[in-house]
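Engineer: structure, please.
(one chain, ligands or ions: 1)
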Amino acid sequence: MSFGGNLLIRRLEGSSNASSLKNCYRFSQYLMGKRALITGITGQDGSYLAEHLLSLGYEVHGIVRRVALEDPEGRFTRILPILDRITLHPASLESYASVFHIFSKIQFDECYHLAAQSFVAESFADGFSTMNININGTHFMLAALRETQPECRMYFAGSSEMFGKVEEVPQRETTRFHPRSPYGISKVAGFDLTRNYREAYGMFCSTGILFNHESPRRGHEFVSRKISRGVARIKLGLTDELRLGNLQASRDWGHAADYVKAMYLMLQQDEPNDYVVATGETHTILRFCELAFSEVGLDYRDYVKEDPTFYRPAEVDVLIGDPSRARVELGWEQTYSFPELVSEMVRSDLAAMEQRSKYDMQVA
Ligand code: G4F
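Structural biologist: Numbers count the residues shown, from 1 in each chain. Model prediction:
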């Protein structure tokens, strides 16, 4: 890519037409690509975002924990197919020095800060480490950028969990926050930090207030993946029940591959801003189960058991977002419907488990 861009510049330097030269410089910049850093690149969103940026000609870098580098097969499953096209840097988001070190060595055009302790239930179990990683990690990123490269654009991964006990339906950028978990509180703090760096230092910092977004790459601990894996296991006769917590909670669920495109678009605007990214539809956990089981010809009522062990000390009952600003200003649109999302997750887990059981039978 960069070779093509440089060649184009050299050809145009011989040209006398100033405006075509300017346009071609722009084109060559496009060809050469921008450089982006992603924290949380090994996760669901990080892996989709890295693929999207690579497809746009970006040079993609990621921050990973040092221990992860020692176990690439185990820790890098989502980025294995692109491993030879990205650059990984070992660093800890719990250490300002380690974040600063990367920014003092390499200049980036854009930085996507996705890394966090993102499991809400875990934040009740250990609120201190959730706060520590999520708030300090964000603060370290912002402070190091300000110190070393304040012109680099930064995306902060906010969350609909910031709305918590919702004060307005649907939730939009102006809806007051009322977080209901240490995780939600840590995201509100990250949101405020991000806005403050924008206002105090004129940095281009935007927050995406993303509602739940899932995919076959979702972590096993989240309810959508727990259901899709549970359905696959039941279908293959490996178990005969699926124990879940609050079945009446409602979420606005989209597909992660769609949502990372909104992240990218936020950093291409003339001005930084905050955007709700959602589908505008809400569905209960029960409805997710109904669709997931029917995908394999089963009735969820025969298998799903409500188990208070999975209840949270404080629940976010209903989330539904209004993505109008993202649609109008970013031109963002989702491509997956809710049934398509559920179907893809179930089919993917079923196929993977069938493959594994065939392999197990062959080696047995
Ligand atoms: O899948 P969940 O664990 O996701 P949650 O708590 O909504 O948070 C996710 O989305 C947020 C965006 O709004 C992100 F910021 C956050 O990082 C994360 O990605 O739970 C969804 C709902 C909850 O109401 C939960 O109580 O499902 C309910 N639920 C019912 N049974 C369960 C279970 N959740 C889990 N994880 N496991 C269950 O057995």
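Engineer: contacts only, for the nearest residue to Ser104 once chain neighbours are set aside.
Structural biologist: Leaving aside its sequence neighbours, Ser104 sits nearest to Thr148 (Cβ to Cβ, 6 or more residues apart in numbering; 5.2 Å). Just so you know, the C-beta spots here come from the backbone N, C-alpha and C atoms, and that holds for glycine as well. With contacts defined as Cβ atoms under 8 Å, 6 or more residues apart in numbering, the neighbours of Thr148 are Phe100, Phe103, Ser104.
Engineer: what do you get for Leu93?
Structural biologist: Thr39, Ile63, Val99, Ala115, Ile133, Asn136, Gly137, Phe140, Met141.
Engineer: what's the first helix or strand after the helix or strand hosting Ala262?
Structural biologist: Ala262 belongs to helix 256-266 when assigned by DSSP states H and E. Per DSSP H and E, the first helix or strand lying C-terminal to helix 256-266 is strand 274-277.
Engineer: tell me the strands beside that following strand, with direction?
Structural biologist: strand 205-210 (parallel) (DSSP bridges).
Engineer: which residues sit against the strand it pairs with?
Structural biologist: Contacts with strand 205-210, where a contact means Cβ under 8 Å, 6+ apart, come from 142, 153-160, 162, 173, 190-191, 194-195, 197-198, 259, 262-263, 266-267, 269, 272-278, 321.
Engineer: likewise for stretch 212-222?
Structural biologist: The contact list for stretch 212-222 (Cβ under 8 Å, 6+ apart) reads 43-45, 47-48, 78, 119, 121-122, 160, 224-226, 228-229, 251-259, 277, 319, 341, 344-345, 348-349.
Engineer: quick one: what helix or strand has Gln334 in it?
Structural biologist: When elements are assigned from DSSP H and E, Gln334 belongs to no helix and no strand.
Engineer: residue contacts, the closest residue to it other than its chain neighbours?
Structural biologist: The shortest distance from Gln334 to any residue other than its chain neighbours is 4.6 Å, reached at Asp258 (Cβ to Cβ, 6+ apart). Neighbouring residues of Asp258 by Cβ under 8 Å, 6+ apart: His213, Glu333, Gln334, Thr335, Tyr336.
Engineer: show me the contacts for the fourth one.
Structural biologist: Read that as Thr335. His255, Asp258 are the contacts of Thr335 under Cβ under 8 Å, 6+ apart.
Engineer: distance of it from Arg325?
Structural biologist: 19 Å (Cβ to Cβ, to the nearest Å).
Engineer: contacting residues around the closest residue to Ile79 other than its chain neighbours?
Structural biologist: In space, and not counting its chain neighbours, Ile79 is closest to Ser47: 5.1 Å by Cβ to Cβ, 6+ apart. Ser47 sits next to Ile41, Arg78, Ile79, Ile82, Arg217 when contact means Cβ under 8 Å, 6+ apart.
Engineer: quick one: distance of the helix or strand containing Ala97 to the chain centre.
Structural biologist: Ala97 belongs to helix 96-105 when assigned by DSSP H and E. On the basis of Cα atoms, centre = their mean, to the nearest Å, helix 96-105 is displaced by 23 Å from the centre of the chain it belongs to.
Engineer: swap in stretch 280-300?
Structural biologist: For stretch 280-300, the distance to the chain centre is 23 Å (Cα atoms, centre = their mean).
Engineer: try stretch 209-229
Structural biologist: Stretch 209-229 sits 11 Å away from the centroid of its parent chain (Cα atoms, centre = their mean).
Engineer: likewise for stretch 215-230?
Structural biologist: On Cα atoms, centre = their mean, the centre of stretch 215-230 falls 15 Å from that of its chain.
Engineer: for the record, mean pLDDT for that stretch?
Structural biologist: Averaging pLDDT along stretch 215-230 gives 98.
Engineer: with respect to the ligand, which of the contacts of Leu93 is nearest?
Structural biologist: Ala115 (11.6 Å; Cβ to the nearest ligand atom).
Engineer: ok, the closest residue to Val223 other than its chain neighbours to Ala97 distance?
Structural biologist: The shortest distance from Val223 to any non-neighbouring residue, by Cβ to Cβ, 6+ apart, is to Ile285 (5.9 Å). Here the distance between Ile285 and Ala97 works out to 42 Å (Cβ to Cβ).
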